[in-house]
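*Asks:* turn this into a model:
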Amino acid sequence: MEVMISSFDNTKLFLNKETSKNDKAVCVIVHGLCEHQGRYDYLCKTFHEAGIGTYRFDHRGHGRSEGERTYYANFNEMLDDVHVFVEMAIKENPDIPVFLLGHSMGGFAVALYGAKYPGERLAGIITSGALTVDNNHLITSVERGMDPHFKLPNQLGAGVCSVKEVVDWYGKDPDNTMTFTVGLCYAIQDGIVWFKTARTTFTYPVLMLHGEKDGLVDPKDTYQFFEQAASKDKQMKIYGNLFHEIFNEYCHDETIGDVVSWITNRI
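*Replies:* Okay, the predicted model is just below:
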């Protein structure tokens, strides 16, 4: 089912909900910078085959959602958008566990979400190539004092994956965005500063995944998050030779399978 959902401030966000009455669990999926929920078709197909329903949405200013293209005035907008869909998934699936998965900027969103919205509402959180510290200075290198609406070129393409076909389509995909705003960078910078202390309050069960050869988000981000998260149930896996998009790499069945196994073991 594809619908437009009003977020906390009435911005309309595009939702692709794929669930069934036989689901054993559901997972809210949060995509990364400049991309869209449609790039997770294969991951969702694998989830569905394992009995895991999915809710995936386009960030505001991305894909088919409303909002100024790739603009955030505050990092809390991103977290509160996620909250809308988490609460929806919980309300619509009261008898089965709800999980949350985020990649890259989506990993940033779900990690910070876990600190801002603590408790037991989720059965677990999964991060993939999550930008939580920015050791690679992908975002923190953007200097302060610029027009927040100014657009910077999206030069991420070549580094997203080692699979040539994935990189080629990334640049051709009409739903990807080839620029991102300075305001988005400032919002993430502020979120990173906030999370530096807040991550010690993160207590959800968590699976942290990262590609060893990720040239966009340094694996050190995941190491540091893992070290400082207060979760009693936390696991980390670094995949040798994989780039940023571990769910699109040549061994995507392995990486996705690891997530399915982790979720299944917590149902």
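*Asks:* pop out the phi and psi values for Lys164.
*Replies:* Per-residue torsions, Lys164: phi -60, psi -40 (degrees, to the nearest 10).
*Asks:* now do the SS call for the spatially most distant residue from the centre of the chain.
*Replies:* Most distant residue from the mean C-alpha position of the chain: Gly145, 27.6 Å away (C-alpha atoms, centre = their mean). Of the three states, Gly145 takes coil under DSSP: H, G, I helix; E, B strand; the rest coil.
*Asks:* repeat for Lys17
*Replies:* Following three-state DSSP, we place Lys17 in the strand state.
*Asks:* and what of Ile192?
*Replies:* helix.
*Asks:* check which helices and strands the helix or strand harbouring Thr54 sits against.
*Replies:* If you go by DSSP states H and E, Thr54 is part of strand 52-57. Other elements packing on strand 52-57 under the criterion 3 or more C-beta pairs under 8 Å, 6 or more residues apart in numbering; DSSP states H and E are strand 12-18, strand 25-30, helix 41-49, helix 75-92. (C-beta placed from N, C-alpha, C; glycine too.)
*Asks:* for these, which one sits closest to Val163?
*Replies:* Closest to Val163 of those is helix 41-49 (C-beta to C-beta; 12.0 Å).
*Asks:* quick one on the thing from earlier: what's the distance between the residue farthest from the centre of the chain and Leu138?
*Replies:* 19 Å (C-beta to C-beta, to the nearest Å).
*Asks:* and Phe180, helix, strand or coil?
*Replies:* The three-state label for Phe180, taken from three-state DSSP, comes out as strand.
*Asks:* run a quick neighbour tally on the closest residue to it other than its chain neighbours.
*Replies:* Nearest residue to Phe180, sequence neighbours excluded (C-beta to C-beta, 6 or more residues apart in numbering): Thr70, at 4.1 Å. Using other C-beta atoms under 10 Å, Thr70 has 24 neighbouring residues.
*Asks:* same question for Arg144.
*Replies:* Arg144 has 8 nearby residues by other C-beta under 10 Å.
*Asks:* what does Ile192 give?
*Replies:* 19.
*Asks:* name the nearest residue to it, sequence neighbours excluded.
*Replies:* Leaving aside its chain neighbours, Ile192 sits nearest to Asp134 (5.8 Å; criterion: C-beta to C-beta, 6+ apart).
*Asks:* identify the residues contacting that neighbour.
*Replies:* By C-beta atoms under 8 Å, 6 or more residues apart in numbering, the residues touching Asp134 are Thr140, Ile188, Ile192, Val217, Asp218, Asp221.
*Asks:* tell me the two of those residues that are most distant?
*Replies:* For those, with distances taken as C-beta to C-beta, the pair at the greatest spread is Ile188 and Asp218 (14.8 Å).
*Asks:* look at these two and report which has more neighbours.
*Replies:* Of the pair Ile188 and Asp218, Ile188 is the one with more neighbours under other C-beta under 10 Å, namely 24 against 19.
*Asks:* part of a strand, is the residue nearest to Ile192?
*Replies:* No: per three-state DSSP, Asp134 lies outside any strand segment and is coil.
*Asks:* from Gly257, how far off is it?
*Replies:* Separation of Asp134 from Gly257 (C-beta to C-beta): 29 Å.
*Asks:* show me where pLDDT drops low in the stretch 101-250 of the chain?
*Replies:* Scanning the stretch 101-250 of the chain for pLDDT under 70 picks out 157.
*Asks:* where exactly do the helices run in it?
*Replies:* 105-116, 164-172, 182-198, 219-228 (DSSP state H, counting those that start in this stretch).
*Asks:* tell me if I'm right that Lys116 and Ala198 touch.
*Replies:* Yes: contact criterion C-beta atoms under 8 Å: Lys116 and Ala198 qualify, at 7.3 Å.
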